[in-house]
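Asker: Return a 3D structure for these sequence lines:
(4 chains)
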Number of protein chains: 4
Amino acid sequence: MARFEPKNPDYRAISIETFEAQRAMKTLGISIARLEPGEVDLAMEYSAEFTQQHGFVHAGVITAGLDNACGIAAFTLMPAGSGILTVEFKTNLLAPARGERFAFSATVVKPGRTLTVCEARAYAVHEGVEILIATMSGTLMALAPREATAWGRALAEV
Amino acid sequence: MARFEPKNPDYRAISIETFEAQRAMKTLGISIARLEPGEVDLAMEYSAEFTQQHGFVHAGVITAGLDNACGIAAFTLMPAGSGILTVEFKTNLLAPARGERFAFSATVVKPGRTLTVCEARAYAVHEGVEILIATMSGTLMALAPREATAWGRALAEV
Amino acid sequence: MARFEPKNPDYRAISIETFEAQRAMKTLGISIARLEPGEVDLAMEYSAEFTQQHGFVHAGVITAGLDNACGIAAFTLMPAGSGILTVEFKTNLLAPARGERFAFSATVVKPGRTLTVCEARAYAVHEGVEILIATMSGTLMALAPREATAWGRALAEV
Amino acid sequence: MARFEPKNPDYRAISIETFEAQRAMKTLGISIARLEPGEVDLAMEYSAEFTQQHGFVHAGVITAGLDNACGIAAFTLMPAGSGILTVEFKTNLLAPARGERFAFSATVVKPGRTLTVCEARAYAVHEGVEILIATMSGTLMALAPREATAWGRALAEV
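Answerer: Numbering: from 1, shown residues only, chains lettered A, B, ... in the order given. Predicted coordinates:
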């Protein structure tokens, strides 16, 4: 039983396509683990390439995962043809990003015609133990189909 | 005339060392452009590796630059032997991260024994024009020397 | 079965006492509805005195309720003699604060020796229907007993 | 020379009218001290009615002042007939709100057709000395004239 009713029957295909069009996700090694209307889990393997001074994953990379989880979760509920952009997010860092694998789980808190608010949590799995390492609350914006085709211009005027 | 008086006479060397110990900064192509007590400018070249679905730089990468600028700015004012960690940050995205070069400028708003609050701005330079693309406000925490040596453990208990 | 184990056996009495020492809570008509280790619900009646231009409750008043709910939730888990102060919070406003009654529910996400992160939600009850109107994520700081007695000074140096 | 060009020639009158229509502002003792396109300063006297457990002004009240300063600053740049609502804000609390008088200064960072981002700072004047006590970054949303007349409904669908 879905908590949210998607407006776009093709929400799954278009959400995956949008995610995969982001080269940064591939570079960072982030992939979709689960995708439902208004709910997304992403997965990431540890990479030494993206560590900070203590060998843990950099907060910006954790934030990239959280932001994408929020964006795709919001996107699943938008009408066909919409574009999406992040308005703002806040990250609270709770524990070091130490682990072999990481998960980013986002849920839509309030979908809207223009603005959608999401929450997400980041987890690290270290030696088989999963701990909560960060939280995010963020606002995503839907661009109407006409705007979305002229995205750069539309965004510059948002 | 410095706006802030550093407590650590070696603040410059230790700040640069801490920055360079972050492998993620090298991978993302981010470097220090200017470093003064309580003020840091970082620079980043465009890389297609870190783009989102429209070919602009991913918000998480912009956030990584902003967060590091804040962290190093705060770190310049901490006592010798301190460790540093990010408590939280909020990013507002104002315009697409479209450009050949990017700059991240952070300033300490309020230094403190335990917590330091910073603000940062991200700029994109596109065809010679610089525009403001994002802002950050964030809180950084100093770990006392004893804690800093046992950083992972200390952080887990913060 | 409590999710969190309080360090202070008198957490309930001291939390209520701290709440009631806040004259702003009385002026705003906010009271404690439920208090458990790491979880607090506050209640508020509508008052025309605190409305904005459309007759709904002002966002600052909703934020005061959310912030207090977070503060008391965090405080229930702090050691005896601690002082508490709010480091930062972010509020997302989801719907107009229209109603006869309001509720603010906070939960500790991550307790810590120094910093505690909480999340809270505000609800309005309008004609018998409860809707989610705002969310908060915030960071609270424990002041050690010695610091707490010299609170103003301690805070100025935080 | 104004930094921003208002779209509404009557921006001053309509901004003051909107501010004064907020009964909460009167109850909290907050008034407009300065108003320019994209820039607003508000003033507040100390009142024991709005204090927390240490006799300082409650963070929610400081946030109400910061939020209103942002809202009015954004509103000065919106077209005639627009409505305005706050999307989100984050407050960092830097020092206790101890003083006889308080000031809230907001500036538009990025105006937009739909969303406007503002920053604000709160100051306390205590025994003749002014100190920075809090910062805010926030997002405001313009409602088109047609939406603004049906504000509650429009907001519920935002």
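
Asker: ok, which stretches of chain A are helices?
Answerer: Listed in chain order, the helices found in chain A under DSSP state H are A:11-20, A:23-28, A:59-75, A:145-149, A:151-157.

Asker: tell me the most buried of these?
Answerer: Highest mean neighbour count among these (mean count of other C-beta atoms under 10 Å in any protein chain shown): helix A:59-75, with a mean of 28. No exception for glycine: its C-beta is placed from N, CA and C like everyone else's.

Asker: Return the set of buried residues in the longest strand belonging to chain A.
Answerer: With secondary structure taken from DSSP state E, chain A has its longest strand at strand A:129-143. Of the residues in strand A:129-143, A:131, A:133, A:134, A:135, A:136, A:137, A:138, A:139, A:140, A:141, A:142, A:143 count as buried by neighbour count, 16 or more other C-beta atoms under 10 Å in any protein chain shown.

Asker: and the least confident of the residues you listed?
Answerer: Confidence by pLDDT is poorest for residue A:143 among the buried residues of strand A:129-143, given 93.

Asker: The longest strand of chain A - contacts with which helices or strands?
Answerer: Using 3 or more C-beta pairs under 8 Å, 6 or more residues apart in numbering or on different chains; DSSP states H and E, the elements in contact with strand A:129-143 are helix A:59-75, strand A:83-93, strand A:101-110, strand A:115-126, helix A:151-157, strand C:83-93, strand C:101-110, strand C:129-143.

Asker: what's the spacing between the fourth one and its chain's center?
Answerer: By that I understand strand A:115-126. Distance of strand A:115-126 from its chain centroid, counting by C-alpha atoms, centre = their mean, to the nearest Å, is 8 Å.

Asker: what's the least confident stretch among the helices and strands packed on strand A:129-143?
Answerer: Here these differ in mean pLDDT, and the lowest is helix A:151-157 at a mean of 48.

Asker: Now do the contacts for residue A:30.
Answerer: Listed by C-beta atoms under 8 Å, 6 or more residues apart in numbering or on different chains, the contact set of residue A:30 reads A:42, A:43, A:44, A:64, A:65, A:68, A:104.

Asker: now, which of the residues you listed sits nearest residue B:28?
Answerer: Distances from residue B:28 to the contacts of residue A:30, taken as C-beta to C-beta, are shortest for residue A:64 (10.5 Å).

Asker: Which residues outside stretch A:99-107 are in contact with it?
Answerer: By C-beta under 8 Å, 6+ apart, stretch A:99-107 touches A:30, A:33, A:38-46, A:57, A:62, A:65-66, A:68-70, A:72-73, A:118-127, A:130, A:133, A:136.

Asker: send the alpha carbons of stretch A:55-62 over as CSV?
Answerer: Output of stretch A:55-62 as CSV, limited to C-alpha atoms (Å, rounded to 0.1, in the frame of the first residue of the first chain):
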residue,chain,number,x,y,z
GLY,A,55,40.0,8.6,6.3
PHE,A,56,36.2,9.0,6.7
VAL,A,57,34.0,9.9,3.8
HIS,A,58,33.8,13.7,3.3
ALA,A,59,30.6,15.4,4.5
GLY,A,60,30.1,16.9,1.1
VAL,A,61,29.9,13.4,-0.4
ILE,A,62,27.4,12.3,2.3
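
Asker: That stretch and chain B, any residue contact?
Answerer: Yes: Stretch A:55-62 reaches chain B (C-beta under 8 Å from any C-beta of the partner chain) through A:56, A:57, A:58, A:59, A:60, A:61.

Asker: near chain C, anything from that stretch?
Answerer: No: using C-beta under 8 Å from any C-beta, stretch A:55-62 stays clear of chain C, with a minimum separation of 14.6 Å.

Asker: now that stretch, how far from the centre of its chain.
Answerer: Computed by C-alpha atoms, centre = their mean, the chain-centroid distance of stretch A:55-62 equals 16 Å.

Asker: Make CSV from the helices and strands packed on strand A:129-143 and add distance to residue D:110 to it.
Answerer: What follows is the helices and strands packed on strand A:129-143, written out as CSV (distance: least, C-beta to C-beta, whole Å):
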stretch, distance to residue D:110
helix A:59-75, 19
strand A:83-93, 11
strand A:101-110, 24
strand A:115-126, 16
helix A:151-157, 10
strand C:83-93, 18
strand C:101-110, 31
strand C:129-143, 23
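
Asker: Wait, residue A:96 touches residue A:56, no?
Answerer: Yes: with contacts counted by C-beta atoms under 8 Å, residue A:96 reaches residue A:56, the gap being 4.5 Å.

Asker: Please report how far the nearest residue to residue A:11 once chain neighbours are set aside lies from residue D:59.
Answerer: In space, residue A:11 comes closest to residue A:76 once its chain neighbours are excluded; the distance is 4.7 Å by C-beta to C-beta, 6 or more residues apart in numbering or on different chains. Noted for residue A:76: a distance of 36 Å to residue D:59, by C-beta to C-beta, to the nearest Å.

Asker: Same check on residue A:116?
Answerer: As judged by C-beta to C-beta, residue A:116 and residue D:59 stand 28 Å apart.

Asker: Could you do residue A:77 as well?
Answerer: Using C-beta to C-beta, residue A:77 is found at 34 Å from residue D:59.

Asker: quick one: which of the helices and strands packed on strand A:129-143 is nearest residue D:8?
Answerer: helix A:151-157 (17.9 Å).

Asker: which phi and psi does the nearest residue in space to residue A:21 that is not next to it in sequence have?
Answerer: Nearest residue to residue A:21, sequence neighbours excluded (C-beta to C-beta, 6+ apart): residue B:53, at 3.8 Å. Torsion angles at residue B:53 (phi, psi; degrees, to the nearest 10) stand at phi -70, psi -10.

Asker: surely residue B:53 meets residue A:18?
Answerer: Yes: contact criterion C-beta under 8 Å: residue B:53 and residue A:18 qualify, at 5.6 Å.

Asker: what comes up buried for stretch A:121-128?
Answerer: By neighbour count on 16+ other C-beta under 10 Å, the buried set for stretch A:121-128 is A:121, A:122, A:123, A:124, A:125, A:126.

Asker: same question, stretch A:85-96
Answerer: Buried residues in stretch A:85-96, counted by 16+ other C-beta under 10 Å: A:85, A:86, A:87, A:88, A:89, A:90, A:91, A:92, A:93, A:94, A:95, A:96.

Asker: so which of those residues are also by chain D?
Answerer: Applying C-beta under 8 Å from any C-beta to the buried residues of stretch A:85-96, those adjacent to chain D are A:87, A:88, A:90.
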